[in-house]
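Novice: What follows is a predicted protein model with its sequence.
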Amino acid sequence: KKVKLRVPATVANLVCGFDILGMAIHEPYDEMEIKLLDTPEIIIRHIDSFGLPQEPSKNVAGVVLQKIQEHLKLTKGFEAVIRKHIKPGSGLGSSAASAAGAAFGANILLKNILSKDEIIHFAMFGEELASGVRHADNIAPCIYGGITLVKSTQPIDIIPLNAPDLFVTAVHPQVEVKTSDSRQILKKSITLKSAVEQWGNIAGLVAGIQKNDFPLIGRSLNDVIIEPIRSILIPKFDEVKLKSLDLGALGGGISGSGPSIFMLAEKRDIAEKIAHLMKSVYDEIGIESYTYVSKIN
Ligand code: HSE
């Protein structure tokens, strides 16, 4: 018995919703094939060229499968064959895709024994291995699709939101930004003034998403807490953002913990112009980059 999955990339945070908001996009996506084995082994095979560890306890999908096996006291095992297209370290939810795909696929093979919340619970072990933090803002949209709000992770309380008909342009400049590092540099406390501004933005963004109010989405995509600090790690961040807005983007910012940057737009031609602009900004300074034009999935 085996399942084949396409597991989508995700954009976490959606600028102001640090650790709570995220959206799935059509491209890029990973391909995974998971088999139920009669023996209790966990086997991970990567058929891509990213050089990720294949030892189950060191592999994001591997730990998730181990946890599920342990918890359910299974006498069977799993083999996962993974072809990643979502580049590890891109900020586009690469580790979440492996983790969520493993949990989702295993659950199908086990005849849907797990609830969605349990799938998310197990997938979070993969995120913990990848970044040291059990966050669900990439995993939740990967499992539910569209845009999700992680109201809480303890207990797991996920609110699926509307998926507005918008285009998403993302650029992944080839610079290394580790999630663990880009979390470390954040301030541990914030002022009441910036908290008020930030929750105004988050509430505005969620209202805009639910009402398909694109201008409201645009003016709510502001982050006064995380972006000013993290953007320092991303070359040309301000230029990419400002020029994208000039081209007609509704708004955007850092995708997850970076280095990818994403922008939302109402029209495909604008989204494509933004992709072109992003690439040319990085070409100019000799940084290789990948761009994706996609829709909310
Ligand atoms: N919410 C997480 C962060 C996402 O911003 O660190 C990491 O992918």
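Specialist: Structure received. Numbers count the residues shown, from 1 in each chain.
Novice: Nearest to the ligand within the stretch 1-150 of the chain, name that residue for me.
Specialist: Using C-beta to the nearest ligand atom, the closest approach of the stretch 1-150 of the chain to the ligand is made by residue 12 at 3.9 Å. For the C-beta atoms, the positions are set from N, CA and C on the backbone; glycine is no exception.
Novice: per-residue confidence for that residue?
Specialist: pLDDT, residue 12: 98.
Novice: Just checking, which helix or strand of the chain averages the lowest pLDDT?
Specialist: The helix or strand of the chain with the poorest confidence is helix 179-184; it has a mean of 88 (mean pLDDT, DSSP states H and E).
Novice: That one near the ligand anywhere?
Specialist: Yes: counting by C-beta under 6 Å from any ligand atom, the ligand is contacted by helix 179-184 at 179, 183.
Novice: Repeat that for stretch 218-229.
Specialist: No: judged by C-beta under 6 Å from any ligand atom, stretch 218-229 stays clear of the ligand, getting no closer than 6.9 Å.
Novice: quick one: contacts of that stretch?
Specialist: Outside stretch 218-229, the residues that touch it by C-beta atoms under 8 Å, 6 or more residues apart in numbering are 13-16, 18, 185-187, 190, 194, 197-198, 201-202, 204-205, 207-208, 250-254, 264.
Novice: residues from the chain in reach of the ligand?
Specialist: So far as C-beta under 6 Å from any ligand atom goes, the chain lies against the ligand at 12-13, 18-19, 135, 137-138, 179, 183, 256-257.
Novice: who wins for most neighbours among those residues?
Specialist: residue 138 (32 neighbours; other C-beta atoms under 10 Å).
Novice: So for stretch 113-133, what gets flagged as buried?
Specialist: The neighbour-count check on stretch 113-133 (16 or more other C-beta atoms under 10 Å) flags 114, 116, 119-131 as buried.
Novice: before we move on, back to that, the residue of the stretch 1-150 of the chain closest to the ligand and residue 255 touch, don't they?
Specialist: Yes: between residue 12 and residue 255 there is a contact at 7.1 Å, judged by C-beta atoms under 8 Å.
Novice: which neighbours do the two share?
Specialist: Shared contacts of residue 12 and residue 255, counting by C-beta under 8 Å, 6+ apart, come down to residue 91.
Novice: What is the helix or strand where residue 207 lies packed up against?
Specialist: Using DSSP states H and E, residue 207 maps to helix 192-211. Helices and strands touching helix 192-211, by 3 or more C-beta pairs under 8 Å, 6 or more residues apart in numbering; DSSP states H and E, are strand 21-37, helix 214-220.
Novice: And the helix or strand following the last one, what's buried?
Specialist: Right, helix 214-220. Sequence order places helix 227-230 as the next helix or strand after helix 214-220, per DSSP H and E. Of the residues in helix 227-230, 227, 230 count as buried by neighbour count, 16+ other C-beta under 10 Å.
Novice: now what about whichever helix or strand comes after helix 227-230, what contacts it?
Specialist: Using DSSP H and E, the helix or strand that follows helix 227-230 towards the C-terminus is helix 237-246. Applying C-beta under 8 Å, 6+ apart, the contact partners of helix 237-246 are 169, 171, 231, 251-254, 261, 263, 274, 277-278, 281.
Novice: do that again at 7 Å, thanks
Specialist: Applying C-beta atoms under 7 Å, 6 or more residues apart in numbering, the contact partners of helix 237-246 are 171, 231, 252-253, 261, 263, 274, 277-278, 281.
Novice: Can you show me the CA trace of the helix holding residue 207 as CSV?
Specialist: This file holds the C-alpha atoms of helix 192-211, laid out as CSV (Å, rounded to 0.1, in the frame of the first residue of the first chain):
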residue,chain,number,x,y,z
LEU,A,192,2.6,48.3,24.4
LYS,A,193,2.5,50.9,21.5
SER,A,194,3.9,48.5,19.0
ALA,A,195,1.7,45.6,20.3
VAL,A,196,-1.3,47.8,19.7
GLU,A,197,-0.2,48.6,16.2
GLN,A,198,0.6,45.0,15.4
TRP,A,199,-2.7,43.6,16.6
GLY,A,200,-4.5,46.3,14.6
ASN,A,201,-2.7,45.0,11.5
ILE,A,202,-3.4,41.3,12.3
ALA,A,203,-7.1,42.0,12.9
GLY,A,204,-7.3,44.1,9.8
LEU,A,205,-5.6,41.4,7.8
VAL,A,206,-7.9,38.6,9.0
ALA,A,207,-10.9,40.8,8.4
GLY,A,208,-9.6,41.7,4.9
ILE,A,209,-9.1,38.0,4.1
GLN,A,210,-12.5,37.0,5.3
LYS,A,211,-14.2,39.9,3.4
